[in-house]
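J.: Show me how the following folds:
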Amino acid sequence: MFQVLAFFVVATALAAVPPVACAQSTDEIKALRQAVEALRESQQRIERELQDIKTLLRGRPSAGAPDPEPKNIALSIDGDPVKGDASAKFVLVDFTDYQ
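T.: Residues are numbered from 1 along each chain as shown. Below you'll find the predicted structure:
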């Protein structure tokens with residue numbers, strides 16, 4: 001973003017310079033044109049890298065995104081310790097590994 005702003009500042013400065021001043025400082029104008037070209041190349045490189053990053057991110061599955069369709073899971077708790085009514089329609093299973 002800074003490079004884009006700097007490019008516009010330099011371009012605006014070049015447009016505002018009267019022709020007489022341009023004739024007197026051709027070395028300065030050449031230096032400014034080289035600076036503008038360097039900024040342009042740098043901006044293009046950054047844009048290419050950003051596009052590469054976007055392409056990589058689009059190919060990856062979203063982290064933490066829910067499955068598009070919920071899955072029904074059948075889990076038997078026969079013979080396992082329960083708290084509450086063993087014939088309840090909804091069962092909350094808490095699995096903990098104490099190692």
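J.: which of the residues in whatever helix or strand L56 lives in are buried?
T.: When elements are assigned from DSSP states H and E, L56 belongs to helix 26-59. Buried residues in helix 26-59, defined by neighbour count with 16 or more other CB atoms under 10 Å: L32, V36, L39, Q43. Yep, even glycine has a C-beta here, placed from its N, CA and C like the rest.
J.: can you pull the pLDDT of I46?
T.: I46 is assigned a predicted lDDT (pLDDT) of 96.
J.: pull the helix or strand with minimum mean pLDDT from the protein.
T.: Each helix and strand of the chain was given a mean pLDDT (mean pLDDT, DSSP states H and E); the minimum falls on helix 19-24 at a mean of 55.
J.: Distance to P81 and pLDDT added to the buried residues of helix 26-59, as TSV?
T.: Formatted as TSV, the entries for these read as follows, by distance: CB to CB, whole Å; pLDDT from 0 to 100:
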residue	distance to P81	pLDDT
L32	80	92
V36	75	95
L39	70	96
Q43	65	96
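J.: Is it possible to get JSON lines of those that adds distance to I53?
T.: Shown next, in JSON lines, are these (distance: CB to CB, whole Å):
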{"residue": "L32", "distance to I53": "31"}
{"residue": "V36", "distance to I53": "26"}
{"residue": "L39", "distance to I53": "21"}
{"residue": "Q43", "distance to I53": "16"}
